[in-house]
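**Q** Okay, predicted coordinates and the sequence, questions at the end:
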Amino acid sequence: MLPKIFKPKNEYNLIRLGKDNDGGYLVEKDSLNFAQSLISFGLSYDWSFEKHFHKIKNCPIHCYDPSVKYSSIKKFSRKNIINLFKIKNLFNKNLLKTTVNNIFLYNDYKKFFANKIIHYESSIGIGVNKINFSEIIDRIQLYPVFLKIDIEGSEYRILNDILKYQTKISGLVIEFHNVDLNIKIISNFINEFNLSLCHVHGQNPLGTEYLNSNNDPTQIEMTFTRTKNILSNEAKIPHPLDQPADSRFKDVDLNFAD
């Protein structure tokens with residue numbers, strides 16, 4: 001079972017941003033409306049969340065991911081041209097749509113990342129081609145910011161930085177990895193963060209492969225908000241807008257300690 005502190009205390013006005021399944025997140029509406037900018041850590045080949053955010057807010061967006069480059073996107077697009085001819089069931093509309101979108105991903109990248117929407121080919125941290133959190137916050141210059149973080153385990157390295165600059169943050173959606181090994185760290189973060197936990201969702205990549213011996217997910221998404229506006233004193237977990245990250249498998253059931 002997950003700790004009680006992992007469960008939101010109240011129900012909030014949540015909306016879904018990004019594509020269906022993996023890549024989409026639930027955010028609290030006030031934290032989106034109050035945000036003057038978005039900082040996104042972790043893109044890969046999916047910026048649907050950022051595009052949806054910009055459609056609503058039309059504000060500056062700074063994205064950080066060293067794995068996404070012009071050359072890699074071109075290769076990925078070419079690969080999907082080949083994949084298109086390998087689709088055996090052309091009536092699989094979702095697969096067909098995804099493949100076609102990926103073919104034109106390079107064009108979409110060039111069109112989206114322009115002017116005040118910037119992709120930095122660097123990551124947060126210490127070392128070559130890395131930048132620290134304070135520099136990233138200073139660079140955006142429009143507060144409060146909304147933070148989106150999916151950096152495959154490196155999120156634990158910046159939790160203290162988030163706490164340091166929490167007065168400049170309107171909302172946060174973050175994916176925690178290896179949850180079973182970091183229960184105490186996550187719990188301490190929730191306690192010290194002055195934004196409220198408003199949603200939690202378990203990840204289900206490859207079905208049950210990422211469940212521990214207690215059938216708890218080892219990857220979870222958490223959403224935080226600064227708003228005081230609540231809908232009720234009982235959180236909806238799961239939420240009607242939740243979707244399994246991997247559509248081939250059912251969503252993960254979350255159980256919390258009393």
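**A** Happy to help now that I have it.

**Q** ok, residue 255 - how many residues close by?
**A** 12 (other Cβ atoms under 10 Å). The C-beta positions use only the backbone N, C-alpha and C, and glycine is treated the same way.

**Q** Skipping its backbone neighbours, what lies nearest it in space?
**A** Excluding the flanking residues, the one nearest residue 255 by Cβ to Cβ, 6 or more residues apart in numbering is residue 1, at 4.8 Å.

**Q** Quick check: residue 232 vs residue 8, distance?
**A** Counting by Cβ to Cβ, to the nearest Å, the separation of residue 232 from residue 8 is 11 Å.

**Q** Tell me which of those two has more neighbours.
**A** Ranked by neighbour count (other Cβ under 10 Å), residue 232 and residue 8 place residue 8 first, with 22 against 9.

**Q** Hmm, the more buried one is touching residue 196, no?
**A** Yes: Residue 8 is within contact range of residue 196, at 7.5 Å (criterion: Cβ atoms under 8 Å).

**Q** Strands of the stretch 151-258 of the chain, residue ranges please.
**A** Per DSSP state E, counting those that start in this stretch, the stretch 151-258 of the chain carries strands over the ranges 169-176, 196-202, 220-225.

**Q** returning to what we had before: enumerate every residue touching the residue nearest to residue 255.
**A** By Cβ atoms under 8 Å, 6 or more residues apart in numbering, the residues touching residue 1 are 214, 216, 255, 256, 257.

**Q** Kindly report the same for residue 235.
**A** By Cβ under 8 Å, 6+ apart, residue 235 lies in contact with 7, 8, 9, 10, 11, 12, 198, 199.

**Q** Tell me which residues touch the last one, please.
**A** With contact taken as Cβ under 8 Å, 6+ apart, residue 199 is in contact with 8, 12, 14, 26, 28, 221, 222, 223, 235, 237, 239.

**Q** what comes up buried for stretch 148-157?
**A** Across stretch 148-157, burial judged by 16 or more other Cβ atoms under 10 Å covers 148, 149, 150, 151, 155, 156.

**Q** Name whatever forms a beta bridge with the second one.
**A** According to DSSP bridges, the partner residues bridging residue 149 are residue 41, residue 174.

**Q** That one touches residue 175, doesn't it?
**A** Yes: applying Cβ under 8 Å, one finds residue 149 in contact with residue 175, separated by 6.8 Å.

**Q** quick revisit: with distance to residue 37 as added columns, please give the contacts of residue 235 in CSV.
**A** Below are the contacts of residue 235 laid out as CSV (distance: Cβ to Cβ, whole Å):
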residue, distance to residue 37
7, 30
8, 25
9, 28
10, 26
11, 27
12, 22
198, 20
199, 22
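
**Q** among these, which two are most distant?
**A** With distances taken as Cβ to Cβ, the most widely separated pair in the contacts of residue 235 is 7 and 12, at 13.1 Å.

**Q** Neighbour count: those two, which is higher?
**A** Remark: of residue 7 and residue 12, residue 12 carries more neighbours, 25 against 15, as counted by other Cβ under 10 Å.

**Q** Contacts only, for the more buried one.
**A** 28, 29, 196, 198, 199, 225, 227, 229, 230, 231, 235.

**Q** Return the member of the residues you listed nearest to residue 72.
**A** Among the contacts of residue 12, residue 199 lies closest to residue 72 (Cβ to Cβ), at 31.9 Å.

**Q** how about the helices of the stretch 101-250 of the chain, start to end?
**A** Assigned by DSSP state H, counting those that start in this stretch, the helices in the stretch 101-250 of the chain fall at 105-112, 133-140, 159-164, 183-192.

**Q** what's the angle between the second one and strand 169-176?
**A** To tie it back to what came earlier, the one meant is helix 133-140. Counting by axes from the mean of the first three to the mean of the last three Cα atoms, to 10 degrees, helix 133-140 lies at 130 degrees to strand 169-176.
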